[in-house]
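Trainee: Sequence and predicted structure are below.
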Amino acid sequence: MTTPGNTDHMTDGNSRVLRIVLMAFAIAGLLAGMWAGLIRIGWVLPSLRPLLPALHGPLMIGGFLGTLIGLERAVGTGQRWAYAAPLLTALGSVLALAGVPGWPGPLLVTAGSVVFIIVMVTIVRLQPALFTGVIALGALLWFVGNLLWLAGQPISVVVMWWMGFLVFTITGERLELSRLLRLPRLAHGLFVALVLVLLGGMVAASAHMTVAMWITGIGFVGMASWLFQYDIARRRVKAGGQARFISLSLLSGYAWLGAGGVLALWYGGVTAGPAYDAILHAVFLGFVVTMIFAHAPIVFPAVLRVPVTYTPRLYSHLVLLHLSLGMRLLGDLLLVWPLRQWGGMLNVIVLLLFLFNTITSLNPSGRVTQAPRQGATTGR
């Protein structure tokens with residue numbers, strides 16, 4: 001997202017150290033969340049804490065994605081106080097992982113989401129537009145989800161709001177780029193309608209999960225269709241190199257969002273079990289993580305100020321993610337437990353491969369002369 005100019009910059013040395021530390025916290029949240037996920041799916045692994053499996057979702061959303069998105073926004077704005085958002089979410093996740101009981105961990109993560117809302121409100125005031133409004137609305141959904149988590153609401157209800165946070169963040173970013181295509185009013189009207197549908201699904205979650213799933217499923221299918229039709233990615237497939245990689249990644253991610261919507265419509269109000277696992281991971285892994293894969297070559301230079309050299313081997317973790325996720329969902333839907341377990345294990349291996357490919361693509365000897373245009377999780 002294009003971030004307006006700023007005046008309260010940190011010194012480059014201090015800022016870089018803080019960015020590296022916060023990025024390390026985000027990656028640590030990812031690793032801990034994956035470990036918890038493997039235990040949840042049935043692998044017999046050492047559990048650092050008795051309740052570690054229950055922290056899979058909070059660690060992935062707050063510890064990893066929340067910290068990563070908050071960090072990228074802070075870098076984009078250049079405001080010192082904006083770094084409080086990823087710092088608070090990281091500390092909250094550490095407390096939860098350390099086994100501190102009760103409210104301290106969730107409270108810090110919630111406080112981080114409050115700061116993040118303030119960051120987004122600042123951006124909206126400086127750059128009022130539909131896309132910034134949608135991204136800010138996503139920040140509000142994250143805050144509501146964190147409040148519900150703090151209040152002890154069922155995690156199935158909380159996850160609906162967290163899902164809305166990520167979907168609105170990503171689709172808002174894609175809407176920004178669509179301005180290059182001069183979309184017709186109809187396209188913008190459809191986008192707003194789909195945002196309202198998805199918002200209705202989040203609100204309905206506390207009252208009737210089946211209805212909420214149906215509404216959200218319609219919204220996901222509709223939004224995936226909108227992205228296929230109007231997003232610039234489809235027009236960039238013929239480009240070479242990194243541009244083609246990003247386009248193919250985006251389009252495959254949109255397919256997973258649509259698949260998640262179809263599953264939500266088919267299985268209704270399930271809140272546990274294999275079908276529920278399939279719905280969540282079609283969206284969180286198939287859609288959200290694919291967006292991260294697509295734009296790591298842009299997000300990492302933006303955050304760390306270290307160039308990344310594009311290489312075709314980035315396709316390895318993209319293709320393997322789709323294969324392993326398909327394997328996992330097939331095990332979920334056919335009730336084949338070993339297929340589900342091994343699909344989950346391969347998901348983790350693919351994410352580790354992604355980290356390896358990205359880190360080894362860093363080019364410290366190069367120089368970033370200007371921070372790339374920012375996009376929380378989506379980049380360009």
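Mentor: Right, received. Where do you want to start? The shown structure was predicted, so the numbers you read here are calculated from the model rather than taken from an experiment. Numbering: from 1, shown residues only.
Trainee: Please make it C-alpha for all contacts and neighbour counts, starting now.
Mentor: Fine.
Trainee: give me the low-pLDDT residue ranges for the protein?
Mentor: Within the chain, the stretches with pLDDT under 70 are 1-14, 365-380.
Trainee: can you pull the buried residues of the longest helix along it?
Mentor: Looking across the chain with DSSP state H, the single longest helix is helix 12-40. Neighbour counts over helix 12-40 (16 or more other Cα atoms under 10 Å) mark 15-16, 18-19, 22-40 as buried.
Trainee: so where do the helices sit in the stretch 101-250 of the chain?
Mentor: 104-126, 130-150, 155-178, 185-204, 209-230, 241-267 (DSSP state H, counting those that start in this stretch).
Trainee: still on that earlier bit, who are the packing partners of the longest helix of the chain?
Mentor: With contacts defined as 3 or more Cα pairs under 8 Å, 6 or more residues apart in numbering; DSSP states H and E, helix 12-40 has these neighbours: helix 56-58, helix 67-77, helix 84-97, helix 290-304, helix 337-360.
Trainee: Tell me the buried residues in the longest one?
Mentor: When burial is assessed from 16+ other Cα under 10 Å, helix 337-360 yields the following buried residues: 337, 339-355, 357-358.
Trainee: what angle sits between that helix and helix 290-304?
Mentor: 30 degrees (axes from the mean of the first three to the mean of the last three Cα atoms, to 10 degrees).
Trainee: Just the CA atoms of helix 337-360, as CSV, please.
Mentor: Taking C-alpha atoms only, helix 337-360 is exported to CSV below (Å, rounded to 0.1, in the frame of the first residue of the first chain):
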residue,chain,number,x,y,z
TRP,A,337,-6.4,-39.9,8.9
PRO,A,338,-2.8,-40.8,7.7
LEU,A,339,-3.4,-38.6,4.5
ARG,A,340,-4.5,-35.7,6.7
GLN,A,341,-1.6,-36.1,9.1
TRP,A,342,1.0,-36.4,6.4
GLY,A,343,-0.5,-33.5,4.5
GLY,A,344,-0.2,-31.4,7.7
MET,A,345,3.4,-32.4,8.1
LEU,A,346,4.2,-31.6,4.5
ASN,A,347,2.5,-28.1,5.0
VAL,A,348,5.1,-27.5,7.8
ILE,A,349,8.0,-28.7,5.6
VAL,A,350,6.9,-26.4,2.8
LEU,A,351,6.8,-23.4,5.1
LEU,A,352,10.3,-24.2,6.3
LEU,A,353,11.4,-24.5,2.6
PHE,A,354,9.8,-21.1,2.0
LEU,A,355,11.9,-19.6,4.9
PHE,A,356,15.0,-21.2,3.5
ASN,A,357,14.4,-20.1,-0.1
THR,A,358,13.6,-16.6,1.0
ILE,A,359,16.6,-16.2,3.4
THR,A,360,19.0,-17.6,0.9
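Trainee: Would you reformat the helices of the stretch 101-250 of the chain as JSON lines and include mean neighbour count and distance to Leu320?
Mentor: Formatted as JSON lines, these follow (neighbours: other Cα atoms under 10 Å; distance: least, Cα to Cα, whole Å):
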{"stretch": "helix 104-126", "mean neighbour count": "22", "distance to Leu320": "32"}
{"stretch": "helix 130-150", "mean neighbour count": "23", "distance to Leu320": "29"}
{"stretch": "helix 155-178", "mean neighbour count": "22", "distance to Leu320": "22"}
{"stretch": "helix 185-204", "mean neighbour count": "17", "distance to Leu320": "30"}
{"stretch": "helix 209-230", "mean neighbour count": "22", "distance to Leu320": "22"}
{"stretch": "helix 241-267", "mean neighbour count": "22", "distance to Leu320": "12"}
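Trainee: need the ones you listed in a markdown table with distance to Ala275, can you?
Mentor: Output for these, formatted as a markdown table (distance: least, Cα to Cα, whole Å):
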| stretch | distance to Ala275 |
| --- | --- |
| helix 104-126 | 27 |
| helix 130-150 | 22 |
| helix 155-178 | 13 |
| helix 185-204 | 18 |
| helix 209-230 | 12 |
| helix 241-267 | 7 |
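Trainee: closest to Ala278 out of the ones you listed?
Mentor: Nearest of the helices of the stretch 101-250 of the chain to Ala278, taken as Cα to Cα: helix 241-267 at 7.6 Å.
Trainee: Quick check: which helices or strands does that closest one pack against?
Mentor: For helix 241-267, the elements it packs on are helix 209-230, helix 274-281, helix 290-304, judged by 3+ Cα pairs under 8 Å, 6+ apart.
Trainee: so which of those gets nearest Pro46?
Mentor: helix 274-281 (22.2 Å).
Trainee: packing partners for that closest one?
Mentor: Under the contact criterion of 3+ Cα pairs under 8 Å, 6+ apart, helix 274-281 touches helix 241-267, helix 314-334.
Trainee: Of all those helices, which one is nearest Gly62?
Mentor: Of all these, helix 241-267 comes closest under Cα to Cα, at 20.7 Å.
Trainee: quick check: angle from that closest one to helix 290-304?
Mentor: 130 degrees.
Trainee: so how far is helix 241-267 from its chain's centroid?
Mentor: Distance of helix 241-267 from the chain centroid (Cα atoms, centre = their mean, to the nearest Å) equals 13 Å.
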